[in-house]
Structure formats: structure tokens, C-alpha cells
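1. Quick one, what's the 3D model for this:
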Amino acid sequence: MTSAPLFLALRYLRPTRSFISVITVISMLGVMLGVGVLVFVMSVFSGWQREFRQMLLGFEPHAMVQPMTSREEAPQTDWRKLRDALAARPEVVSAIPVAEDVVVVENAGSLQGVSVIGMAEEADNALLKKLTKHLKEGKFDLSGDSIVLSDKFAKELGAKIGDTLVVHAADSVNQFIRQVREIPEDAEETKRAEALDNVTVLSKDLTLVATLRADTAGERGYVPLHVAQEFFNLEGSVSGIELELKDPDNAEPVMEMIYRAGIVPETWGWRTWMQQHGVMLESVENQRTMMWFLLLFIMLVAAICVMNTTITVTVKKRREIGILTALGTRAWQIISIFVSQAGIVALVGVVAGLAGGFFFLSIRNKLRDLIADLTGRDIFPQDIYFLSQIPAHTDASDLLTICATAVALCLLAALVPAWFAARVDPAVALRDGG
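-> Numbers count the residues shown, from 1 in each chain. A predicted model of the protein is given here:
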């Protein structure tokens, strides 16, 4: 009698032209839809999270130590000795002095502000080496009066490789505006002209030597260290020391250990790539968790469909249940028949859902282009998600959780009506079924 419940479950699932067959197919479709949507959405979220982290590690400094106060207020620190002490740590791959701030770039009358990092082209500059992987055009050369921009920013500026761009110090531009506003409007033309002649802007001609892919390296620009020091009025100092670490995922514990070792002065602080983009990383994780809960309702709907199918089958098979009970079939065997039926429906739905989910994952970018053509709206804009293609990464643990959840919900949903069916009095069942 051990295989009898499975045999009867398969018998009840045979295709027939009846209402039971229709709702059984609907139940399978519900499970398939729930599993397929979960596989597709969670794979895309996992892929985006994974690619976003890799993208940040591909252009963002792993950690930065920098003065917590202005250069005028802070005591002078020999940044060269600090750089050497940091570079000597076994956890650190390279320690590179940088100058970071905003400049205004001018080309053919068009002015745009951009954040830039000034750094020296040293042999052990690990940041420069990983940025070189994102080159689109030109050569990453920071040895002369040069500048490297993102391809998106260069396009907006109308600049090409080899063009000479006029770069203004942002503080100098702000000071220029303040000085112009201080000139009385009712001043004589000669005096006004003299006052304007005394207003200067710190500018420098830089050659655009390379462009980086904005979708993988961000929109930041890069200039030689001596140029940045001049623009940002650092007078040979630096705004921080960029660190590339052997294990960027443990950047915060590593930096805390370095700080406790007394290598970094108390007037200096530190930040990591995780802190820099922590809000975005946390937002991705929160969205992924919320999506799990939202999509779980699809699985619950599918389980309710399975429950309705089980209720319908138990009602239609009431006479047969009474006969089986009268012949001595135990309650758990009656329950096993209908739970097995629900399990088969769930397994078929899960397999179909996995196949459908992976199919749509394989054409996800084509679907995005098709939807964009039909609606005129990009559902995965590069400006927001920083990626030109929709990523996907499927974890085995996610697949196991999705499949196990689908099957478990369907079995639990079928258990309640199956339990009531097993408690039917044989005499009553035979009388009502007759």
C-alpha cells in the first residue's frame, strides 16, 4: 500500500475534459509564474548588486586617509613619511598621495564642472593600473599638463582626444564672481574696467589625452598631482592618501587596525569605498529583501490555487474516499494521496518556472530594448544604475530557497483539505456520493 497514494494521485491528474483538469493546469501555471518571476527578478538583483560592487572596486579607491580640518588649522604633517608608513603595512598594496576637488572645464565656450583627482604617475600606483582597464580612447598619461575625462563628460563638452581644454580652479571662479559683484554698478566705465582687470581666474591649458568609460569608471576626471595642487592651492601638500588594499571587502576592519596602530595622526581621518557608497549598497540590499517579500505573495496565490484544486478534487472524489476508508485505508494514506497530487503539481510548476525564468534571463537585454522601443522609456537607465547592460547572477542558494518555498507552500496548502477529506465518515461519503 506504500505506492497506492502516489498511484492514485497520478490517476487523478490524468488529463480529462473536466473542470478539475482546467483548475489543475491553472495551479501549475500559478506555480510556474511565481517561480519564474522570482528566478528572473532575484537573479537580476543579485547580478546588479554584484556588478555594482565590482564596478565600484574597479575605479573607487579602497580607502582614503585625509586631514579632518583645513590645512590652515591642522598642524603640519609630513605626508611623505605617512605615505611610506602606510605603504609598509602588509595589508596595503599601494599608498598614493592625491589631491581631490572640483574644477571647471571650458571648451568652445561651453563650461562644465567636474570632480577630479590629481595623482602622480608612479610605478606602484595600483589605482592608476585598474583605471587603465576602463580606457575607451587615448593613453592614461599623467606626466605632463594633461587631463583624463569620462567619455560622457567629454561628449557633453564637445571635446576630442588631443584637444586643449581650459581648466579653471573652482575656488578661483567663485572668487571671481564675488569680486565682480563687489564692483559698484554705478562706477565709471574706466574705473569699472580697471577693477575688472584686477580680477583674475586661476586657469591652465590641459590636453585631453584619454577618455574612460563612464558606465564602468564613473564620471570623475584625473589630472597630474602638481596641476591639482596648483588648482586647489595646496602648496606642495595633498588632500589625502589613497590606499589600495589586498582585501577591499574588509576595508573598514583594516583601517581601524591601522588607525589603532598609531600610524595615522589623530588629526587625520579615514573613509572606505563602502562608506562612500554605503547608502547605495544598503539601498540595493533593502530593495532585494523587499522584493523577496513582495514576490512571495505570488507564491502564496499559487499555493491558494493548489488548495482550491485539492478542495475540488476531494469533493469530486468523495465517494471513492468513502470506499477507500471502508476498505481499511488509514487517514494518513488518504492525506498522502492529495498531498502527493499537490506535490506533483508543485514540481511540474517549479520545473516549468525555472525553464521560463532562465529563458527570459537569456533575452533580458533584448526585452529591455523592445520595451524601450514600444514605450519610449528605458526601464534600466544607465544614469541611475551605472550599467549599460542588465546584469544577472543566479545563486544556487537562491534557487534552492525559491524551489523549496514553492513546494512547501503547495504541500501545506493541500494538507488542510486533505486532512478534512481523510476524516469523512465512510457511510456518509457513500450515501452522498451515491
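2. Surely residue 137 is within a strand?
-> Yes - with DSSP: H, G, I helix; E, B strand; the rest coil as the criterion, residue 137 is part of a strand.
3. Test my guess that it contacts residue 162.
-> No - Residue 137 is not in contact with residue 162 according to CB atoms under 8 Å; the separation is 10.0 Å. Yep, even glycine has a C-beta here, placed from its N, CA and C like the rest.
4. Of those two, which one has the most company?
-> Set side by side, residue 137 and residue 162 show more neighbours around residue 137, with 15 against 10, by other CB atoms under 10 Å.
5. Beta-bridge partners for the more buried one, please?
-> Applying DSSP bridges to residue 137 gives these bridge partners: residue 211.
6. Residue 166 now?
-> residue 106, residue 205.
7. Isn't it up against residue 207?
-> No - applying CB under 8 Å, one finds residue 166 not in contact with residue 207, separated by 11.3 Å.
8. how about the helices in the stretch 101-250 of the chain?
-> In the stretch 101-250 of the chain, the helices defined using DSSP state H, counting those that start in this stretch lie at 126-132, 151-157, 170-182, 189-197, 214-217, 225-231.
9. Contacts only, for residue 252.
-> By CB atoms under 8 Å, 6 or more residues apart in numbering, the contact list for residue 252 reads 272, 274, 275.
10. any weak-confidence spans in the stretch 1-150 of the chain?
-> Low-confidence segments of the stretch 1-150 of the chain, defined by pLDDT under 70: 1-21, 69-77.
11. so what are the domain limits for this protein?
-> Using automatic domain parsing, the domains assigned to the chain come out as 4-55+280-433, 61-276.
12. Check the protein for its longest helix and report it.
-> Looking across the chain with DSSP state H, the single longest helix is helix 19-59.
13. That one - contacts with which helices or strands?
-> Judged by 3 or more CB pairs under 8 Å, 6 or more residues apart in numbering; DSSP states H and E, helix 19-59 is in contact with helix 126-132, helix 214-217, helix 278-316, helix 331-362, helix 396-422.
14. Save these as TSV, and put in mean neighbour count too.
-> Below are the helices and strands packed on helix 19-59 laid out as TSV (neighbours: other CB atoms under 10 Å):
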stretch	mean neighbour count
helix 126-132	18
helix 214-217	21
helix 278-316	17
helix 331-362	20
helix 396-422	19
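15. Give me the contacts around stretch 45-58.
-> 130, 133-134, 216-217, 248, 273, 277, 280-281, 284-285, 287-288, 291, 385-387, 390-395, 398.
16. would you list the helices and strands packed on helix 19-59 in a markdown table and tack on distance to residue 29?
-> Putting the helices and strands packed on helix 19-59 into a markdown table (distance: least, CB to CB, whole Å) gives the following:
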| stretch | distance to residue 29 |
| --- | --- |
| helix 126-132 | 48 |
| helix 214-217 | 38 |
| helix 278-316 | 8 |
| helix 331-362 | 7 |
| helix 396-422 | 13 |
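17. and residue 170, which of those helices is closest to it?
-> Nearest to residue 170 among the helices and strands packed on helix 19-59 is helix 214-217 (20.7 Å), distances taken as CB to CB.
18. Check the offset of that closest one from the chain's centre.
-> From the chain centre to the centre of helix 214-217 is a distance of 14 Å (CA atoms, centre = their mean, to the nearest Å).
19. ditto for stretch 36-44
-> In terms of CA atoms, centre = their mean, the gap separating the centre of stretch 36-44 from the centre of its chain is 15 Å.
20. repeat for stretch 407-414
-> How far stretch 407-414 lies from its chain's middle: 33 Å, per CA atoms, centre = their mean.
21. Touching it from outside, list them.
-> Stretch 407-414 is contacted by residues 31, 299-300, 302-304, 306-307, 310, 338-339, 341-343, 345-347, 349-350 when judged by CB under 8 Å, 6+ apart.
22. ok, back up a step: what's the least confident stretch among the helices of the stretch 101-250 of the chain?
-> Among those, helix 189-197 carries the lowest mean pLDDT, a mean of 57.
23. about what we covered before: closest one to residue 229 among the helices and strands packed on helix 19-59?
-> Of all those, helix 126-132 comes closest under CB to CB, at 17.2 Å.
24. Contact partners for the closest residue to residue 110 other than its chain neighbours?
-> Leaving aside its chain neighbours, residue 110 sits nearest to residue 157 (5.8 Å; criterion: CB to CB, 6 or more residues apart in numbering). Applying CB under 8 Å, 6+ apart, we find residue 157 in contact with 105, 107, 110, 112, 149, 165.
25. can you do 10 Å?
-> Residues counted as contacts of residue 157 (CB atoms under 10 Å, 6 or more residues apart in numbering) are 105, 106, 107, 108, 110, 111, 112, 114, 149, 163, 165, 208.
26. who wins for most neighbours among these?
-> Within the contacts of residue 157, neighbour counts (other CB under 10 Å) peak at residue 149, which reaches 29 neighbours.
27. I'd guessed that one sits against residue 212; true?
-> Yes - with contact defined as CB atoms under 10 Å, residue 149 counts as touching residue 212 (7.4 Å).
28. joint contacts of the two?
-> 138, 219, 220, 221, 222.
29. Just the buried subset of those, please.
-> 138, 219, 220, 221, 222 (16 or more other CB atoms under 10 Å).
30. between these, which is closest to residue 406?
-> residue 219 (42.5 Å).
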